[in-house]
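Trainee: can't give you the sequence, but here's the structure:
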């Protein structure tokens, strides 16, 4: 019996990864990746920029974790989109969590600054994540 070759060298997989890499190298792809990185960094540091109240410590920690996760994913997309595109669906979910986190964690005691920061940044991350996930589909239409 012969052992099957590595899936990493399969021609279809190699072609698909090349297509994904090509799509991420477009100006649209680079803008999406850069804006996602910036949005993730802002979400991570927003508790200190907006000055969340002492009662919103749990939201601040959540923003830090979610923001850093979005930023790390954006770096992964920028450096190896062909290998990381399969997790691009996570970015819109993280953005949606950023929108609803103040309500889920704090209930009704949400400050206006924190609420606006989370809703605007989370909504932007959702839109950027959908854009990242659709990079290859946009490329196919051309």
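Mentor: Okay, I see it. Since this is a predicted model, take the numbers as computed values, not measurements.
Trainee: tell me the SS of the nearest residue to residue 46 once chain neighbours are set aside?
Mentor: The shortest distance from residue 46 to any non-neighbouring residue, by CB to CB, 6 or more residues apart in numbering, is to residue 117 (4.9 Å). C-beta coordinates here come from the backbone N, C-alpha and C atoms, glycine included. The three-state assignment at residue 117 reads helix, by DSSP: H, G, I helix; E, B strand; the rest coil.
Trainee: Can you check the pLDDT for residue 117?
Mentor: Looking at residue 117, its pLDDT reads 92.
Trainee: wait, it sits on residue 50?
Mentor: Yes: taking contacts as CB atoms under 8 Å, residue 117 lies within contact range of residue 50: 4.7 Å.
Trainee: Please name every helix or strand in contact with the lengthiest helix in the chain.
Mentor: For the chain, the longest helix by residue count, based on DSSP state H, is helix 57-84. The contact analysis (3 or more CB pairs under 8 Å, 6 or more residues apart in numbering; DSSP states H and E) places helix 57-84 against helix 11-24, helix 27-49, helix 90-106, helix 112-133.
Trainee: Now with 10 Å, please.
Mentor: Judged by 3 or more CB pairs under 10 Å, 6 or more residues apart in numbering; DSSP states H and E, helix 57-84 is in contact with helix 11-24, helix 27-49, helix 90-106, helix 112-133, helix 135-140.
Trainee: Can you say which of the ones you listed is nearest to residue 69?
Mentor: Judged by CB to CB, the one of those that comes nearest to residue 69 is helix 90-106, at 6.1 Å.
Trainee: now for the closest one, which elements pack on it?
Mentor: Using 3+ CB pairs under 10 Å, 6+ apart, helix 90-106 is in contact with helix 27-49, helix 57-84, helix 112-133.
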